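Asks: Need a 3D model of the sequence below.
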Amino acid sequence: MHIQWYPGHMTKTRRMMEETISLVDIVIELVDARIPYSSKNPDLDDLAKNKHRIILLNKSDLADPAATEIWTQYFTEKGFRVIQMNALKGSGMADVTSIARDLMKEKIEKLRAKGRINVPIRSMIAGIPNVGKSTFINKYVGKTTAKTGDKPGVTRGKQWIKLKKDFELLDTPGILWPKFEDQQVGLKLAFTGAINDDILDAQTLATAFINHMMVVNPECIQKRYQISFDTIAEPYDVLCQIAEARGFKLKGGEPDLERASKILMDEFRGGKLGRITLELPEDITEMLAEKAEREKEKAQADKARKAEYKKRK
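Replies: The predicted model follows:
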């Protein structure tokens, strides 16, 4: 299964971010607390070199709290300031301003010593599509200034938002990266709705999600739909059981797997399956180790092919 979704406007967004990154002191990135690694844009690490960084673990109310603590420590050890947040309810909002001011304290004091009285803190807010960025901004500012929606790709242009006399926020459209190095990353983004549902049919997505959950947290599906995995071997069979449990049938009595698939994904995204985190730092370490091994094998194979080619010449 190959997942890739990179609309044309995202190329324009990246270019715009490259052009404006020099105007800001701090880059604030929202990630989905259920998939903190998979929803963190690796391109930002290059774009935001030498900038202060704040990670907002948004939708933390939908994630496993113990796992969120592990991710908080993980990002903190990498030099980020981290805030656990529920943008919808506004929890964690006050910490953003206080941490931003703390990060800029030394620079502001130096500029004031040189005669600069009003020194604005300029921050860029970034994040992948559908991570809750517009909701955060609307709640943070206290009025509706950015469009919100339940589909990725709503915000299309940059806009400066003046919060207070000393605080300015640059909003940017949600942006992914051109190529997912690991298809598990693409799948997790699809599970949470960061990738447009139109690129992957509902049944394929649901069976992939069930396959993942059978390893990560099978109890949440068993409990929600009152089914047992004892006699079920395949994700497809689980999906059939979910359709049966909900009474979703087509003409002739066949299970309506399309409807069951959509309900399953909607209920996961809405938190009805429980507070679930789909990945932990240890999973990422394993994934990166496997990636390094693949790259090593590829390099060795390329070297062998070149040697064989020279030998034949």
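Asks: which residues sit in contact with the most centrally placed residue in the chain?
Replies: In the chain, the residue lying closest to the centroid (CA atoms, centre = their mean) is residue 39, at 2.1 Å. Listed by CB atoms under 8 Å, 6 or more residues apart in numbering, the contact set of residue 39 reads 31-32, 127-128, 131, 188-189, 192, 194. Any C-beta I mention is one placed from the backbone N, CA and C, and that applies to glycine too.
Asks: what's the most distant pair in the residues you listed?
Replies: Spatially, the most separated pair among the contacts of residue 39 is 127 and 188, at 15.2 Å (CB to CB).
Asks: on that earlier part again, give me the buried entries from the contacts of residue 39.
Replies: 31-32, 127-128, 131, 188-189, 192, 194 (16 or more other CB atoms under 10 Å).
Asks: ok, so of these, who is nearest residue 234?
Replies: Distances from residue 234 to the buried ones among the contacts of residue 39, taken by CB to CB, are shortest for residue 188, at 20.8 Å.
Asks: my read: that closest one touches residue 277, true?
Replies: No: Residue 188 sits out of contact with residue 277 when judged by CB atoms under 8 Å, with a separation of 10.5 Å.
Asks: quick revisit: select from the contacts of residue 39 every entry located in strands.
Replies: 31-32, 127 (DSSP state E).
Asks: Give me the lowest-pLDDT entry from the residues you listed.
Replies: Within those, residue 127 has the lowest pLDDT, namely 86.
Asks: just for the protein, where's the confidence low?
Replies: Applying pLDDT under 70 to the chain flags residues 1-14, 143-158, 164, 173-182, 286-295, 309, 313.
Asks: Recalculate using a threshold of 50.
Replies: Counting by pLDDT under 50, the low-confidence segments of the chain come to 2-3, 5-8, 144, 146-157, 177-178.
Asks: can you give me the helices for it?
Replies: Assigned by DSSP state H, the helices in the chain fall at 8-20, 43-47, 65-77, 93-113, 133-141, 183-192, 202-216, 218-225, 235-246, 257-269, 281-312.
Asks: right, so of those, which gets closest to residue 87?
Replies: Nearest to residue 87 among the helices of the chain is helix 133-141; the distance by CB to CB comes to 3.9 Å.
Asks: Quick check: residue 61 touching residue 86?
Replies: Yes: the pair residue 61 and residue 86 passes the contact test of CB under 8 Å, sitting 4.5 Å apart.
Asks: Just the closest of the buried ones among the contacts of residue 39 to residue 80, please.
Replies: residue 31 (10.2 Å).
Asks: From residue 132, how far off is that closest one?
Replies: Distance from residue 31 to residue 132, counting by CB to CB, to the nearest Å: 10 Å.
Asks: what do those two both touch?
Replies: Taking CB under 8 Å, 6+ apart as the contact rule, residue 31 and residue 132 both touch residue 58.
Asks: related to what we said a few turns ago, I'd like the buried ones among the contacts of residue 39 laid out as TSV, including distance to residue 236.
Replies: Shown next, in TSV, are those (distance: CB to CB, whole Å):
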residue	distance to residue 236
31	31
32	27
127	34
128	29
131	30
188	20
189	23
192	22
194	25
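Asks: Surely residue 36 and residue 71 touch.
Replies: Yes: here residue 36 reaches residue 71: they are 4.5 Å apart, a contact under CB under 8 Å.
Asks: For these two, indicate the residue with more neighbours.
Replies: Neighbours per residue (other CB atoms under 10 Å) separate residue 36 from residue 71, with residue 36 holding more: 28 against 25.
Asks: Now the more buried one: phi and psi?
Replies: When read as degrees, to the nearest 10, the backbone of residue 36 gives phi -60, psi -40.
Asks: For it, give me its contacts.
Replies: With CB under 8 Å, 6+ apart, residue 36 has these contacts: 55, 57, 71, 74-75, 279.
Asks: for those, which one is nearest residue 218?
Replies: Nearest to residue 218 out of the contacts of residue 36 is residue 279 (CB to CB; 16.1 Å).
Asks: Tell me how far stretch 109-128 lies from the chain's centre.
Replies: In terms of CA atoms, centre = their mean, to the nearest Å, the centre of stretch 109-128 is found 28 Å from the chain centre.
Asks: list the buried ones in that stretch?
Replies: Across stretch 109-128, burial judged by 16+ other CB under 10 Å covers 121-128.
Asks: Out of the residues you listed, which is nearest to residue 96?
Replies: Once CB to CB is applied, the member of those that ends up nearest residue 96 is residue 123, at 8.6 Å.
Asks: Excluding chain neighbours, what is closest to that closest one?
Replies: The shortest distance from residue 123 to any non-neighbouring residue, by CB to CB, 6 or more residues apart in numbering, is to residue 26 (4.2 Å).
Asks: Quickly list what the one you found is bridged to.
Replies: Under the criterion DSSP bridges, residue 26 forms beta bridges with residue 52, residue 123.
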